[in-house]
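Chemist: Show me how the following folds:
(one chain, ligands or ions: 2)
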Amino acid sequence: MLGGRVCAFLKAARCARLALGWNQWQARYICRGTSAFTSPMHYLDGERIEPTNTDAGGHFPILEPATGHKLCIVQESSVQDVHTAVVSAKSAFASWSTAPGAERAQILYKTAQIMRENIEAIAVAEVHDTGKPLWEAKFDVEGCVDTIEYCAGLARMIAGQHIDLGRGNFGYTRREPLGVVGAIGAWNYPFQMAVWKSAPAICCGNTVVYKPSPLTPITTAIMGEVYTEAGLPNGVFNVIQGSGAVGQYLATHPDVAKVTFTGSVPTGTKVMAACAQGIKYVLLELGGKSPLVIFADCQLDNAVKGTMLANFLTQGQVCSNGTRVYVERPIYETFVDKLVERVRAMKLGDPMSEDTTMGAIISGEQADRIMSFIESAKEEGATIATGGERVIPDPALAGGHYITPCVLTDVNDDMRVAREEIFGPVVCVFPFDTESEVIERANDTEYGLAGGVFTRDLTRAHRIAAKLQAGSVYINNYNVYPSELPFGGYKKSGIGRENGILNIDAFTQVKSVYMEMGDVDSPI
Ligand SMILES: NC(=O)C1=CN([C@@H]2O[C@H](COP(=O)(O)OP(=O)(O)OC[C@H]3O[C@@H](n4cnc5c(N)ncnc54)[C@H](O)[C@@H]3O)[C@@H](O)[C@H]2O)C=CC1
Ligand SMILES: C[N+](C)(C)CCCC(=O)O
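Modeler: Ligands and ions are numbered 1, 2, ... in the order given. I've put the predicted structure just below:
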């Protein structure tokens, strides 16, 4: 059962939970347009706190993407608040870093259990915050439960090496945690990012100060409550809130040992520069413009479904999306027809409704940006096979931001839509003729986050997997993220990996210890 702290969140999310019932419209009438989330979003020393910043200019409203209504007002952390959070994490590090792996594992298993009991409620909060459909948010939270359990397992696997140096001498290595990890997240997967960044750090004995995107502050504090409820010592996970300036204070704080960041390439560049100043470790998960290659011998329905997964989850706002789809010429027309049919069958609407397949774009600004890409495609001569319109699917969602999922054809490799990350529900489909041609075109990008191939020829599939310049390659599927598989980018898509056993490399440093068994042999 739930304890007091998690209940605080559930109380805050009461309206959200109501919205799940059959009396949905009435619930929305009660909830929409009210400040549903009233608790402070800052988390320090095991509880939600009000920040010290009382500057009126430092308050920002959180608008629900689905309706444009105000969900809450969040106060930006001050420099002092960032410092206080880092001090709390630093002091918690002393004992957390020496806790037995088994103890860390138990707390993480408990965290996963509490999370599992609250999947629906956490997902509802995530839907309010992000506009993604409820089924997808639930799927995200289920994945987070798995990641936490995976990290619980890793906590007991952290080990060094014994190295025989001859004549009885030997050395060994210790894997030691880094210290305070500063984590900075983006708005498309706020809860998942809080988990992917904090659980690996925590399982290795680090402590964390987390700053979510200012657009999506709600579920990160919930993460704090779940951790505390599970028995995580106070200070091991703290949450600060605010915009880029707050992220910058965190990245430059001298007591932060590593920064793990997800977001755009320009901001990632600044974060890396800040880390360079302090000689800090840095992990960057950045943008993408990933290719998906579909051969004529593929299982066509699977290829179409894979293309949907590669482009239309979270309204297309996913870094790893396969937004450049190359289809072998003999099946090009058939593929486009089938894709368009499937895209037209999507249900754009209220993300809280169970039958909605695509929800709201995160903000009006992002929707404008996506529309500017679609306009540029039209101007450059591309054809809109379907979608690409700004709509209001229901009068109750009048203040929300919705774009019909869009398929572009007649796209040239040099067009802006073919080269830049759109971060919206827009896919470009191109014909191709030969394997060598498509590999060259697929790799002709500054990004390298992911790629995919659909074919029944497995020799060719593995040949292509080896040739694609990308951190993740999907064969006959797309956008699946098992906790066991490392995730991260080549080229400008990032540095370092999240997930998998590499989590241990990412959040520990190696100490070599030399042991002399004989007398010291000194020529001087
Ligand atoms: N590849 C990815 O994972 C993502 C890419 N994007 C892309 O980035 C564009 C802009 O979205 P934003 O959320 O504004 O992304 P962003 O990269 O500007 O922000 C990401 C995070 O970094 C923080 N931040 C901003 N400036 C900072 C600084 N100087 N130092 C430290 N932290 C800083 C932000 O407050 C936020 O928490 C989107 O349109 C999209 O194209 C956005 C989200 C995720
Ligand atoms: C792992 N994934 C792809 C679901 C989210 C990673 C970050 C991003 O898309 O911004």
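
Chemist: What pLDDT is listed against the spatially closest residue to Ala89 that is not a sequence neighbour?
Modeler: Closest residue in space to Ala89, ignoring its immediate chain neighbours: Thr207 at 3.9 Å, by Cβ to Cβ, 6 or more residues apart in numbering. Where C-beta positions appear, they are placed from N, C-alpha and C, glycine not excepted. For Thr207, the model assigns a pLDDT of 99.

Chemist: what do you get for Phe37?
Modeler: Value listed for Phe37 in the pLDDT field: 85.

Chemist: Show me what from this structure comes close to ligand 2.
Modeler: 186, 188-189, 262, 285, 318-320, 481, 487 (Cβ under 6 Å from any ligand atom).

Chemist: The residues you listed, buried ones only, as a ChimeraX selection?
Modeler: To isolate the buried members of the residues of the chain next to ligand 2 in ChimeraX, using 16 or more other Cβ atoms under 10 Å:
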select :186,188,189,262,285,318,319,320,481,487
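
Chemist: Report the beta-bridge partners for the residue nearest to Ala89.
Modeler: Counting by DSSP bridges, Thr207 is bridged to Val180.

Chemist: how much space between it and ligand 1?
Modeler: To ligand 1, Thr207 is 19 Å away according to Cβ to the nearest ligand atom, to the nearest Å.

Chemist: Over to Pro233?
Modeler: 26 Å.

Chemist: Residue of the stretch 101-250 of the chain closest to ligand 2, please.
Modeler: The minimum distance from the stretch 101-250 of the chain to ligand 2, using Cβ to the nearest ligand atom, falls at Tyr189 (4.5 Å).

Chemist: Which of the three states applies to Ile439?
Modeler: helix (DSSP: H, G, I helix; E, B strand; the rest coil).

Chemist: Give me the nearest residue to it, chain neighbours excluded.
Modeler: Lys467 (5.1 Å).

Chemist: Flag every residue of the stretch 201-350 of the chain that's near ligand 1.
Modeler: Counting by Cβ under 6 Å from any ligand atom, the stretch 201-350 of the chain sits next to ligand 1 at 211, 213-214, 243-244, 247-248, 251, 262-264, 267, 270-271, 285-287, 319.

Chemist: Can you find the helix or strand in the chain with the smallest mean pLDDT?
Modeler: When the helices and strands of the chain are scored by mean pLDDT, DSSP states H and E, helix 24-31 comes last with a mean of 34.

Chemist: where does the stretch 401-524 of the chain dip in pLDDT?
Modeler: Within the stretch 401-524 of the chain, no stretch has pLDDT under 70.

Chemist: And the strands in it?
Modeler: Taking DSSP state E, counting those that start in this stretch as the criterion, the stretch 401-524 of the chain carries its strands at 402-403, 406-409, 426-432, 450-454, 472-475, 494-495, 508-515.

Chemist: With respect to burial, which of those scores highest?
Modeler: Greatest average neighbour count among the strands of the stretch 401-524 of the chain goes to strand 450-454 (a mean of 30), per mean count of other Cβ atoms under 10 Å.

Chemist: who does that one pair up with?
Modeler: With DSSP bridges as the test, strand 450-454 is paired with strand 291-294 (parallel), strand 472-475 (parallel).

Chemist: how distant is that strand from the center of its chain?
Modeler: 20 Å (Cα atoms, centre = their mean, to the nearest Å).

Chemist: which outside residues touch that strand?
Modeler: 288, 290-295, 298-299, 302-303, 306, 310, 320-322, 442, 460-461, 464-465, 468, 470-479 (Cβ atoms under 8 Å, 6 or more residues apart in numbering).

Chemist: cool, stretch 387-402 as well?
Modeler: Stretch 387-402 is contacted from outside by 25, 28, 32, 63-69, 131, 343-344, 348-350, 360-364, 366-367, 371, 374, 403-408, 425-426, using Cβ under 8 Å, 6+ apart.
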